[in-house]
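**Q** Any chance you could fold what I've pasted below:
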Amino acid sequence: MKKLTAEEKKLLKELNSEIKILRIKLAQAEKLEGKDDYISVKLKKNQARFEKVRRKNAEDKAIGKFYMEIEITAKQGDVFVPVSIASGKKTAGFMYIIEGTAAGSIANANLKIRGEGVSQVTIGTLLYAKIPAGKTCAFQVRATINGKFGKVYKIIFNRLNYKLNLTEARYHQYLKEIKSKSVKFG
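**A** Coordinates of the predicted model:
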């Protein structure tokens, strides 16, 4: 076998480091596409509507009501998903952003779970949905957005956090965006 020259060794080292970088980029791109080793996610129901709230002696309110049913299936082993929604100020299971043609804010949001074999686990003040391997949990999300008349809004879950073991310090992340329908307020 031929002995490598110093220049060939240097080139080999550069190519190996480039391969490592490309593998990291590929893994990130696959996460953004929704390819995940531990969970599969499906948006089963996606409903949104506008509601005008008339108020006496005040300006009417523009409200959007959103309902989404998101099914999460544990592929290999048990998965623990926080039963919580947040905008990113603190970590939660479902991390959302509001996308609109004007500023909007969440008036309220709640999350309910159901599914065969799914149980709830509480650690401190955090509530988790425990999804056994091969089972599916339906997360029912109801949210209300306050916005402006004539503008369009939608909710985007840009990150879903979960754990494979409750003793893990860090969350795994599902990064494919889950988008609600857009609603014109008015």
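**Q** List the residues that contact Ile39.
**A** 72-75, 79, 131, 162, 174 (C-beta atoms under 8 Å, 6 or more residues apart in numbering). In this view, the C-beta of every residue, glycine as well, is placed from N, C-alpha and C.
**Q** How are the helices of the protein distributed by residue range?
**A** 6-32 (DSSP state H).
**Q** which intervals of it have sub-threshold pLDDT?
**A** 1, 89-90 (pLDDT under 70).
**Q** the strands in it, which residues?
**A** Remark: strands assigned in the chain by DSSP state E are 39-53, 61-74, 79-82, 85-86, 94-100, 105-114, 119-123, 126-131, 136-147, 152-162, 172-174, 178-179, 183-184.
**Q** Compare these and report which one is nearest to Ala27.
**A** Among the strands of the chain, the nearest to Ala27 by C-beta to C-beta is strand 172-174 (11.7 Å).
**Q** what's that closest one packed up against?
**A** Packed against strand 172-174 by the contact rule (3 or more C-beta pairs under 8 Å, 6 or more residues apart in numbering; DSSP states H and E) you find strand 152-162.
**Q** ok, back up a step: so which of the strands of the chain is nearest Asn16?
**A** Nearest to Asn16, of the strands of the chain and by C-beta to C-beta, is strand 172-174 at 27.2 Å.
**Q** Please name the strands paired to the closest one in the sheet, noting orientation.
**A** Paired with strand 172-174 in the same sheet, following DSSP bridges, are strand 152-162 (antiparallel).
**Q** Going by neighbour count, which residues of stretch 151-164 are buried?
**A** Using 16 or more other C-beta atoms under 10 Å as the burial criterion, the residues of stretch 151-164 that qualify are 151-155, 157-164.
**Q** related to what we said a few turns ago, which stretch among the strands of the chain comes nearest Arg23?
**A** The closest of these to Arg23 is strand 172-174. By C-beta to C-beta, the value is 17.8 Å.
**Q** which other residues reach that closest one?
**A** 31, 34, 36, 38-39, 41, 159-164.
**Q** Can you give me the buried ones in stretch 128-141?
**A** Across stretch 128-141, burial judged by 16+ other C-beta under 10 Å covers 128-132, 135-139, 141.
**Q** Reformat those into a markdown table and put distance to Ile19 next to each item.
**A** Formatted as a markdown table, those follow (distance: C-beta to C-beta, whole Å):
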| residue | distance to Ile19 |
| --- | --- |
| Tyr128 | 37 |
| Ala129 | 38 |
| Lys130 | 38 |
| Ile131 | 35 |
| Pro132 | 37 |
| Lys135 | 37 |
| Thr136 | 37 |
| Cys137 | 37 |
| Ala138 | 41 |
| Phe139 | 38 |
| Val141 | 40 |
